[in-house]
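*Asks:* Model the structure of this input:
(6 chains)
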There are 6 protein chains.
Amino acid sequence: MRPSNRTPNQLRTVEIIRHYTKHAEGSVLVKYGDTHVLCTASVDEKVPGFLRGKNQGWVTAEYGMLPRSTGSRMDREAAKGKQSGRTQEIQRLIGRSLRAIIDLEKLGERSIQIDCDVIQADGGTRTASITGAYVALHDAVSLLLEKGLIKESPLKDAVAAISVGTYKGTPVLDLDYIEDSDCDTDMNVVMTGSGGFVEIQGTAEGDPFSREAMNQMLDLAQSGISELIQKQKAALSS
Amino acid sequence: MRPSNRTPNQLRTVEIIRHYTKHAEGSVLVKYGDTHVLCTASVDEKVPGFLRGKNQGWVTAEYGMLPRSTGSRMDREAAKGKQSGRTQEIQRLIGRSLRAIIDLEKLGERSIQIDCDVIQADGGTRTASITGAYVALHDAVSLLLEKGLIKESPLKDAVAAISVGTYKGTPVLDLDYIEDSDCDTDMNVVMTGSGGFVEIQGTAEGDPFSREAMNQMLDLAQSGISELIQKQKAALSS
Amino acid sequence: MRPSNRTPNQLRTVEIIRHYTKHAEGSVLVKYGDTHVLCTASVDEKVPGFLRGKNQGWVTAEYGMLPRSTGSRMDREAAKGKQSGRTQEIQRLIGRSLRAIIDLEKLGERSIQIDCDVIQADGGTRTASITGAYVALHDAVSLLLEKGLIKESPLKDAVAAISVGTYKGTPVLDLDYIEDSDCDTDMNVVMTGSGGFVEIQGTAEGDPFSREAMNQMLDLAQSGISELIQKQKAALSS
Amino acid sequence: MRPSNRTPNQLRTVEIIRHYTKHAEGSVLVKYGDTHVLCTASVDEKVPGFLRGKNQGWVTAEYGMLPRSTGSRMDREAAKGKQSGRTQEIQRLIGRSLRAIIDLEKLGERSIQIDCDVIQADGGTRTASITGAYVALHDAVSLLLEKGLIKESPLKDAVAAISVGTYKGTPVLDLDYIEDSDCDTDMNVVMTGSGGFVEIQGTAEGDPFSREAMNQMLDLAQSGISELIQKQKAALSS
Amino acid sequence: MRPSNRTPNQLRTVEIIRHYTKHAEGSVLVKYGDTHVLCTASVDEKVPGFLRGKNQGWVTAEYGMLPRSTGSRMDREAAKGKQSGRTQEIQRLIGRSLRAIIDLEKLGERSIQIDCDVIQADGGTRTASITGAYVALHDAVSLLLEKGLIKESPLKDAVAAISVGTYKGTPVLDLDYIEDSDCDTDMNVVMTGSGGFVEIQGTAEGDPFSREAMNQMLDLAQSGISELIQKQKAALSS
Amino acid sequence: MRPSNRTPNQLRTVEIIRHYTKHAEGSVLVKYGDTHVLCTASVDEKVPGFLRGKNQGWVTAEYGMLPRSTGSRMDREAAKGKQSGRTQEIQRLIGRSLRAIIDLEKLGERSIQIDCDVIQADGGTRTASITGAYVALHDAVSLLLEKGLIKESPLKDAVAAISVGTYKGTPVLDLDYIEDSDCDTDMNVVMTGSGGFVEIQGTAEGDPFSREAMNQMLDLAQSGISELIQKQKAALSS
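*Replies:* Numbers count the residues shown, from 1 in each chain, chains lettered A, B, ... in the order given. Below is the predicted model:
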């Protein structure tokens, strides 16, 4: 039995709220249960130095947690003067995931900067960030189309992410914080709307895991992501 | 005429939402119109080194803006590796303002860390932060009383803050971003529930200001803060 | 009775020594009693990036304290690798105060960098810095005029600063370190030669202060600054 | 055809040279073809603060590349003043991989610090690091046993790592730099001597990958790692 | 002919002014011509961690230049967030030079921190710093003796420093900035009152130098330092 | 008797291995006994900003020690976020030494970046670095000549370095770590192939040293460096 009484293949309640703040070209509050992340997409009409003059755009991401988004307060990274290894790992993952589904040449010489800021954390902040960031990115792209700055959408597919793991011997979908703290294996899976894998990051927290366990976890992930892709579509069409 | 059609002595719509996130001992979303700040109060059962063994507690504050809380994206301070002078100035102001109304000896050897994070900015983020932080601090103190960790409330008074300024020659209350960008004088005023001044910070942005102008601005501030103190009371009694 | 035996409205002995060091375009040692600050003005024939091509100049300031300018040695900020919040707050204040009395367009596309370095501290270093920096700025401007680099002085007025406070219940002018450590209210006031306010920063160190107390402090500040403006004039005409 | 003329399931020439430098408790130069990494294990008779008094040890890792280990010189991280996100990601991976096969309680209250420094890079530095670091860790543990500091080996299993990917449509084992720069999918796999998975990190560099492709890559990885485990054994018994 | 009209073996006018600022246990303004350095000695009744419990004291030094002590303004190291290699080199040299003439065991478990801050620079700031720092150290030690905190002076000898070099083919003593910018060899020599060498740092700026040239330079240095030692004695006995 | 049984004027076994790694334009492993340093020379077809357009090239150096190159592990400078004063002092010394023997105008507008990374340390890492770096620089220059990028070699001479010191009262050549930790005087000498001095840095670690002792040490250094220059020639002609 899961602490949250969910069945092994059950997502937490997912909400995707668009236009959450007023300034950003895309602004989405995504909730996976008690995990709430604000994802904004900011358009900048230039590209980083290494891409200048190459007729292509760029998408990148930054991630942060509010100091008291967690059970006990974490030090503020701005005050410590550096981002942790975990933060950098997550923001690199978000950036790669989004770049996997966008045609950077069609974007033109401009950047879209994604910011994922965790307002409240209960496990799965990186997967929620990716799922929400896609919707924010979509909104920013729609605005570019609307303004005539680009002619054709550079988005090739949707992308969403979910965690899977082995909790007390059973493969489960979408781990919350209690499960995450006590699981044997923790795997984050990023997939496209058409079912291709973009990223798989699996870690044995306790004992090593078998290929069979991995296959069961991937089955769960595929079904979970297909639900998330539906939620994204619903949010974008509302 | 003010761009927002407010009268010179009219506050923006103020909302104070308690228990906005679930982990912090105090968690308040404060809104001054389109300026939205999440203020959390985190209790820590120890004090900084310089106070150890002195039979008193500590209250301190940190402040941050989400990168896209503003019209154009600001660099993330955690990524730049340092907090700006403005950020430090504001967090020092918030900390001093709260310490002015708390009896640190009655708090006992523990710290309350305030975090003010701007979700959306439209002028007046520092004043909204102080007004919201007081409510979060009050909630954290109530929890300490409830748990029997302290016997008596260390809070001596309430505290709230508002900006005043001279916009196109007229003294006005609670400047929003448009007014702030174009005002001659900008003054932030922090006062207690019983009407004492805690901080006054006035800056001539254009021409120097006269003593008479300052008196008019202080009149506005006094009336504005007395409204804010009522809003805090209402929020705390709901 | 004040520890220094001064009357409540009495400044410390003020000295303004020009041409204190030989390299800078303006170099002034200012003394407010035992507080000694070296203020230099350095002309640089370019402007910061954000002003390039805008047909205007820039004036900015940095502040520092020698490690043993104080009663007990402070850590050297260069060795710690960062400037404290207090340092940044002060240097921002000095910069704003000087920009309030200079016409940046008349200055032309060049910068004047002010450095205020505290050689010996006994309270009031930020106010002495502003008063001395004005004279250094004036000397640098005179040199630009002399060399024919500008035709007309960009200085619109003089500027000086003083602290006032409430010490043991009495409003007093120009607090020294002993008074500053034990006062109820501490207020720094920056005014122009023609009597306008540029900055007012008042902080209740102990109990909140009343509007009446503030008025008494401002009266003291106005008289003190008018003396300081005379000292600046005398120094500049010698 | 692979640029190196290897067959798809063929490792590069692997060499594991023990006692490469004289000071460290374990010191191993590992070569995967032209990728050469020096892995040292340093025993420290204390644990980090967060583990003090918990009757357990710690194993952690740091990673670095010599500035000219690569085709064009990279900036020295010590001179830039920070480690890149990539560096931190890799050193976290190495640390987790080694902690997966050591019983930290049996290690006692001491730390083993692994340093992996890339002398020459040609793709696969992180996987070579893990494979070499295990041997260095084993040597350090043997020394602790020899000295009687621990009674029983805390090592539960061996661990090794290899990359797999899809190069021009074909799944291949152990990508070198040329293949890595031009592959569609890049997956790093960490496994134990007994065949359990410790880490799987797969990234679609171009198009998303299918579950079938992943299965083929995992087959290759399993066979490659079983060869590497043999090489580790041979090195340790020589 | 030297630009300053000095003879090859002539020092600039040297002044050593004690008690220059009021807070430090030793405070000396040293002038080598237009090079002016404020040297303070601060006593701290503890030692750095690596010396705790070893029954000995410590002497260390820090060095800085005011931003406009030089012909063109240098960036403030505190604002840049790091000390330059040159600064670190110099402060290490000053510390070693002073430790060479003090018996750290006789000093007892306390530290003396030397700060050398360049008010005005015209070449030779590091040598002036050492010469002035010795006098400040002596004053601080005298105060410890006077207060009965130590029974016996830990000072074993005096120490002073001077530069020598080859300017337009002629060996010269005590290079000023113009000579320093255009010399072939630059050598800093630190010697004790009894004529022993503490440090010799010679650098060929242009062509390599011969052993004969070095001998000529050392002759000059020996005579210059013996003059400086007399100046220190005179200052200390006044 | 020296701990290593060497005679006072005997170098350790010196080896200079060229083409040690494959990417760099010059790559040399230099061994002074158990001190092993990898020196690479990287050509970059541009110059630093301060030299742009001046028709000259630049040679600079960086230095680092692998964390466990030493008897007890040192913190990694990249992880600490700054290079120590010692590191900066050494890399500045290496750079100056190489610039002394190269004609920067003949090099053309390009830079050669030297990296000296200590693989294993046993005293004398800075002197070994200089001796090895010269050979790496020579190889890089030969490549530029070979490619026709320069017509004439910019190298004016060879350069090598050795330490000398007074160990238990006897002047000795090429101190190893045991001697270095227990010597009275430590002097590093850098000389050209034609016997000129480039740098002399002598430090009294215990008692000050006499001019006579210095002369004895310089005699040893001259003979040692002449051997090293032969080894460099032999390596370059092999």
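
*Asks:* How much space separates the spatially most distant residue from the centre of chain A from chain E?
*Replies:* Largest separation from the mean C-alpha position in chain A: A:Gly53, at 29.8 Å (CA atoms, centre = their mean). Distance, A:Gly53 to chain E, by CB to the nearest CB, to the nearest Å: 31 Å. The way it works is simple: take the backbone N, C-alpha and C, and place the C-beta from them, glycine included.

*Asks:* buried set for the helix ranked longest in chain A?
*Replies:* Scanning chain A for the helix with the most residues, using DSSP state H, yields helix A:211-237. For helix A:211-237, a neighbour-count test (16 or more other CB atoms under 10 Å in any protein chain shown) marks A:213-214, A:216-218, A:220-222, A:224-225, A:227-229, A:231-232, A:235-236 as buried.

*Asks:* how about the residue in chain A positioned nearest to chain E, phi and psi?
*Replies:* Chain A approaches chain E most closely through A:Gly81 (9.3 Å), counting by CB to the nearest CB. Main-chain dihedrals, A:Gly81, degrees, to the nearest 10: phi 90, psi 10.

*Asks:* Same check on the one 10 residues further on?
*Replies:* When read as degrees, to the nearest 10, the backbone of A:Gln91 gives phi -70, psi -30.

*Asks:* who's in contact with it?
*Replies:* A:Ala61, A:Glu62, A:Tyr63, A:Gln83, A:Cys116, D:Gly85 (CB atoms under 8 Å, 6 or more residues apart in numbering or on different chains).

*Asks:* What distance do you get for it to chain F?
*Replies:* For A:Gln91, the distance to chain F (CB to the nearest CB) stands at 19 Å.

*Asks:* So A:Ile225 is in contact with A:Ala160, correct?
*Replies:* Yes. Under the contact definition of CB atoms under 8 Å, A:Ile225 touches A:Ala160, with a separation of 5.1 Å.

*Asks:* Common neighbours of those two, please.
*Replies:* A:Met191.

*Asks:* and A:Asp184, what pLDDT?
*Replies:* Looking at A:Asp184, its pLDDT is 88.

*Asks:* Look up how far chain C lies from it.
*Replies:* Distance from A:Asp184 to chain C, by CB to the nearest CB: 42 Å.

*Asks:* A:Asp207 versus that residue, what's the distance?
*Replies:* A:Asp184 sits 6 Å away from A:Asp207, going by CB to CB, to the nearest Å.

*Asks:* Most proximal residue of chain A with respect to chain C?
*Replies:* Closest point on chain A to chain C, by CB to the nearest CB, is A:Gly81, at 7.6 Å.

*Asks:* Report the contact partners of that residue.
*Replies:* By CB under 8 Å, 6+ apart, the contact set of A:Gly81 is B:Gly81, B:Lys82, C:Lys82.

*Asks:* what's the distance between stretch A:137-151 and the middle of its chain?
*Replies:* For stretch A:137-151, the separation from the chain centroid amounts to 21 Å (computed by CA atoms, centre = their mean, to the nearest Å).

*Asks:* picking that back up, just checking: which of the buried residues of helix A:211-237 also lie near chain E?
*Replies:* Among the buried residues of helix A:211-237, proximity to chain E is found for none (CB under 8 Å from any CB of the partner chain).

*Asks:* Run through the helices of chain A in chain order.
*Replies:* For chain A, applying DSSP H gives helices covering A:77-80, A:85-99, A:104-107, A:125-146, A:177-180, A:211-237.

*Asks:* now for the fifth one, which elements pack on it?
*Replies:* Helix A:177-180 sits against strand A:159-167, with contacts defined as 3 or more CB pairs under 8 Å, 6 or more residues apart in numbering or on different chains; DSSP states H and E.

*Asks:* Equivalent analysis for the last one, please.
*Replies:* Using 3+ CB pairs under 8 Å, 6+ apart as the contact criterion, the neighbours of helix A:211-237 among helices and strands are strand A:14-18, helix A:125-146, strand A:159-167, strand A:170-173, strand A:185-192, strand A:197-204, strand D:197-204.

*Asks:* And the ones you listed: which comes nearest B:Thr170?
*Replies:* For B:Thr170, the closest of the helices and strands packed on helix A:211-237 is helix A:125-146, at 36.6 Å, according to CB to CB.

*Asks:* Quick one: mean pLDDT over the closest one.
*Replies:* Per-residue pLDDT values over helix A:125-146 give a mean of 98.

*Asks:* do stretch A:81-99 as well
*Replies:* 96.

*Asks:* could you dump that stretch to CSV, C-alpha only?
*Replies:* Output of stretch A:81-99 as CSV, limited to C-alpha atoms (Å, rounded to 0.1, in the frame of the first residue of the first chain):
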residue,chain,number,x,y,z
GLY,A,81,26.8,32.4,-4.0
LYS,A,82,26.5,29.2,-5.9
GLN,A,83,24.0,26.7,-7.3
SER,A,84,24.3,23.2,-6.0
GLY,A,85,25.3,20.3,-8.2
ARG,A,86,21.7,19.0,-7.9
THR,A,87,20.3,22.3,-9.2
GLN,A,88,22.7,22.3,-12.1
GLU,A,89,21.9,18.7,-13.0
ILE,A,90,18.2,19.4,-13.0
GLN,A,91,18.3,22.6,-15.1
ARG,A,92,20.6,20.9,-17.6
LEU,A,93,18.0,18.0,-17.8
ILE,A,94,15.1,20.4,-18.4
GLY,A,95,17.0,22.3,-21.1
ARG,A,96,18.0,19.1,-23.0
SER,A,97,14.4,17.8,-22.7
LEU,A,98,12.9,20.8,-24.3
ARG,A,99,15.6,21.1,-27.0
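
*Asks:* buried ones in it?
*Replies:* Under the neighbour-count criterion of 16+ other CB under 10 Å, stretch A:81-99 has A:81-85, A:87-99 buried.

*Asks:* cool, stretch A:63-72 as well?
*Replies:* By neighbour count, with 16+ other CB under 10 Å as the criterion, the buried positions of stretch A:63-72 are A:Tyr63, A:Gly64, A:Met65, A:Leu66, A:Pro67, A:Arg68, A:Ser69, A:Thr70.

*Asks:* Check stretch A:20-28 too.
*Replies:* A:Tyr20, A:Thr21, A:His23, A:Ala24, A:Glu25, A:Gly26, A:Ser27, A:Val28.

*Asks:* which non-adjacent residue is nearest A:Gly71?
*Replies:* B:His23 (5.2 Å; CB to CB, 6 or more residues apart in numbering or on different chains).
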